[in-house]
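Peer 1: Below is the structure, and that's it, no one-letter string:
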């Protein structure tokens, strides 16, 4: 099923419901700080699992004790869509369990 790009207003409204997430060019983005490198790596693995479940993948960066994501929808011409916000919401739900802030 094709996904439709969200309007700027829709993006802004949805970002208001996801503290810590922001618009970065044509993507939504978020960084998390964790207590250790191992905790950050575990969060990356958990995010990868969610991405596989959704069939939708972000650019995911692992730092020493940080994890950063940027995401848009390639099949919608690189626009931000519902899929991106579904992934963001799922990551927000699991991140606290890894001690992310």
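Peer 2: In hand now; what should we look at? Note that the structure is predicted; figures quoted are calculated from it, not measured. Numbering: from 1, shown residues only.
Peer 1: Next one: the spatially most central residue of the chain from residue 56, what distance?
Peer 2: In the chain, the residue lying closest to the centroid (CA atoms, centre = their mean) is residue 88, at 3.9 Å. With distances taken as CB to CB, to the nearest Å, residue 88 is found 11 Å from residue 56. To be clear about C-beta, it is placed using only N, CA and C from the backbone, and glycine gets the same treatment.
Peer 1: if I look at those two, which residues touch both of them?
Peer 2: Listed as contacting both residue 88 and residue 56 by CB atoms under 8 Å, 6 or more residues apart in numbering are residue 71.
Peer 1: still on that earlier bit, name the helices or strands packed onto the helix or strand that contains the residue nearest to the centre of the chain?
Peer 2: For residue 88, the element it lies in under DSSP states H and E is helix 82-94. With contacts taken as 3 or more CB pairs under 8 Å, 6 or more residues apart in numbering; DSSP states H and E, helix 82-94 sits against strand 27-33, helix 37-54, strand 66-71.
Peer 1: which residue packs closest to residue 79, ignoring adjacent ones?
Peer 2: residue 5 (3.3 Å; CB to CB, 6 or more residues apart in numbering).
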